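>>> return a 3D structure for these sequence lines:
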Amino acid sequence: MKSIPHVISWNLTKACNLLCSHCYLIADNIQQPDQADTNLSGATLSRDTHNFNQIQCGTASTANELDTDTALNVIDEIAELNPNIILILTGGEPLLRKDIFDLSSHAAQKGMMVLLGTNACLVNDGVARKLKDNGFSGIGISLDSIHPEVHDSIRGMKGSWEKAVEGMKACKRKGLEIQIQTTVFKKNYDEIPELVAFANDMGARVFNLFFLVCTGRGQDITDITSKQYEDALKQIYKLHNQYEGEMLVSAKCAPHYRRIAYEMNPESALVKYYSGGCPAGTNYCRITPEGNVTPCPYMDTSCGNLKEKSFAEIWNNSVILKELRESELKGRCGECEFESMCKGCRARAYVTTGDQMEEDSWCDYEPGKYGGKKLEFKEENTFGLDKKFELSWNEDAKKRLGKVPSFGKGMVIKRVEQYAREKGYSEITPDIMKEAKEKMAVDKKAMFPFMNLLKKRAAKNGKIEWETEALERVKNAPDFVRPGIYKLMEKRAKEKGYKVITSAFLSEIRDESMQFASRRMNKLGFDELDMEAFDTAKAKTKNKKKKEVIEDIKDFLAERNVKNTEIIEKFQKYLSIETDGLNTSKKK
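Okay, here's the model as predicted:
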């Protein structure tokens, strides 16, 4: 099958207002700090942010970079192959290009989904408005820590964390969707759940965890270990499920991710419906500031220069790209059962061995665990599915479909038409597309691993079912409480003869548990709600696990900034009632 590009990352400029320790491009900082410290790689870290704060959009020199006319022509050439591509305009800092808005507007008019990859330090309300008005669909913002000093040390400039967060808020105020991009190091490895939570709090639609490929300025940085790599992917998979429906949590530059998803839940939608494997050179490539086309940003092997050849000529005829599409993988990657869904990172293979088809040494998986036979997942993989209409689509529906990235169009058509047949519709309209989307959202929720677990448990233990609203309530409980709630609710349901756990039943058992807790608190000598009660309870218990749970509860309560007055009032009421009367206080 002929390969077409679905995503292109375009490094428009090497100019940058930061000096990041892991920059694969070795971008040029456009100022010299007056005073200096050092960041992770020994690069300068400004202590005086005066110059940093004075840098404005569109102030970079484009010497040796594709000029405006050439860049506009390249956009036209890309559109000839695929007008619905995702085009990521990045840098350096792309907002330093004087023609950034001319390029984005032109690409959007061609039908491309245009995204900006930025450190956001130059983004204020005015810039955010111009981004939205000039064709940008969203903005990917780099944030490497929830701690300003850690982020600043990685990014090489004091004040960069604060500026990035200000940029996020400006985008949200102007209605521009944001993604938060984090590169994982040993220095921020332990922050992954906190970073995802922060992204969600900031209103991000997507959180992407990038895995460092040691190239460019980052070639001397010690990467996380292979075990930490695997553990981080497992964390991301769990967080993906946790934030399902609120924010997409994903891993980038980590082709192993889909294998991890399979091992954790073979029925996962990530296994069935999402693209897997390293996309370098197959449906993705990079354009350098000078106009070289490379398989991905971490590979500097030029497949051709756009000043000399057209994009289509390079994409279709490059020997380097053809090898990535057609040649067999070597080493463990070539023997692996998961070859079709992973393929290993081709950039890491190239950086470590000089051969882009060699095995990925960052992967610890040893082929053979699943019998050695290569697993196939093509039947339901709808990434890049051909755009094929079998039913009639009216013009408004086709117009709405035009907003879908090219790699997803086939999938959307297939799912919408499947829904239409089930409902007996003969023509697709925007309303039918909306109905189908809502149904797919419900279906995806049904795929949650914890829901599947509960269904299996219910089938095994007396067929106790869970109402959707009840499951949603439990999903929002703290991690350290959730397993106990599932166990307690099913136990109480059996005792009371319930076959379905509803939201009302949750409230009933919660109130009973609060009464029981109140009796225990009274026996321990507590007659009011007080955080010190936890310290006293911890001191009295000898059970190590219980001590840890008490600490978890304290930490959770300390982080809450909104009081649940209803719960507090109920506890106060129960504590004020004589112990002997507690058993009847809530009966109706």
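
>>> would you map the strands across the stretch 351-500 of the chain?
Remark: strands assigned in the stretch 351-500 of the chain by DSSP state E, counting those that start in this stretch are 392-393, 427-428, 465-466, 500-501.

>>> output the ones you listed as CSV; include the columns distance to Pro295, mean pLDDT and mean neighbour count.
No exception for glycine: its C-beta is placed from N, CA and C like everyone else's. Output for the strands of the stretch 351-500 of the chain, formatted as CSV (distance: least, Cβ to Cβ, whole Å; pLDDT from 0 to 100; neighbours: other Cβ atoms under 10 Å):
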stretch, distance to Pro295, mean pLDDT, mean neighbour count
strand 392-393, 35, 94, 17
strand 427-428, 37, 93, 18
strand 465-466, 47, 78, 20
strand 500-501, 51, 82, 18
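
>>> would you list those in JSON lines and tack on distance to Val319?
Output for the strands of the stretch 351-500 of the chain, formatted as JSON lines (distance: least, Cβ to Cβ, whole Å):
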{"stretch": "strand 392-393", "distance to Val319": "40"}
{"stretch": "strand 427-428", "distance to Val319": "42"}
{"stretch": "strand 465-466", "distance to Val319": "56"}
{"stretch": "strand 500-501", "distance to Val319": "61"}
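
>>> where does the stretch 1-150 of the chain dip in pLDDT?
Applying pLDDT under 70 to the stretch 1-150 of the chain picks out residues 1, 22, 24-56, 58-62.

>>> cool, the stretch 301-450 of the chain as well?
377-387, 405-407, 440-450.

>>> change it to 80
For the stretch 301-450 of the chain, applying pLDDT under 80 flags the ranges 372, 376-388, 402-411, 438-450.

>>> now swap in the stretch 451-588 of the chain and tell me
In the stretch 451-588 of the chain (pLDDT under 80), the answer is 451-473, 475-484, 495-500, 503-504, 507-508, 510-588.

>>> which of the strands of the stretch 351-500 of the chain sits closest to Phe211?
Closest to Phe211 of the strands of the stretch 351-500 of the chain, according to Cβ to Cβ: strand 465-466, at 36.1 Å.

>>> what about that closest one, distance to the chain center?
Put simply, strand 465-466 sits 30 Å off its chain's centre (Cα atoms, centre = their mean, to the nearest Å).

>>> over to stretch 306-321?
31 Å.

>>> for stretch 235-254, same thing?
The chain centre lies 5 Å from the centre of stretch 235-254; the measure is Cα atoms, centre = their mean.

>>> hmm, back to that, Lys542: which of the strands of the stretch 351-500 of the chain is closest?
Once the strands of the stretch 351-500 of the chain are compared by Cβ to Cβ, strand 500-501 is nearest, at 33.9 Å.

>>> tell me which strands the closest one pairs with, and in which orientation.
Using DSSP bridges, strand 500-501 pairs in its sheet with strand 465-466 (parallel).

>>> quick one: the helices in the stretch 1-150 of the chain?
50-54, 68-81, 100-109, 125-133, 148-155 (DSSP state H, counting those that start in this stretch).

>>> out of the strands of the stretch 351-500 of the chain, nearest to Ala107?
Using Cβ to Cβ, the nearest of the strands of the stretch 351-500 of the chain to Ala107 is strand 392-393, at 25.1 Å.

>>> quick one: residues in contact with the closest one.
401, 426-428 (Cβ atoms under 8 Å, 6 or more residues apart in numbering).

>>> do that again at 10 Å, thanks
399-401, 413, 416-417, 420, 425-430, 432-433 (Cβ atoms under 10 Å, 6 or more residues apart in numbering).

>>> drop anything exposed from those residues.
Taking 16 or more other Cβ atoms under 10 Å as the criterion, what is buried in the contacts of strand 392-393 is 400-401, 413, 416-417, 420, 425, 428-429, 432-433.

>>> count the residues that sit near Glu246.
Per other Cβ atoms under 10 Å, the neighbour tally for Glu246 reads 10.

>>> okay, and the closest residue to it other than its chain neighbours sits in which element?
In this structure, Glu246 finds its nearest non-sequential neighbour in Asn200, 6.2 Å apart by Cβ to Cβ, 6 or more residues apart in numbering. Taking DSSP states H and E as the criterion, Asn200 maps to helix 192-201.
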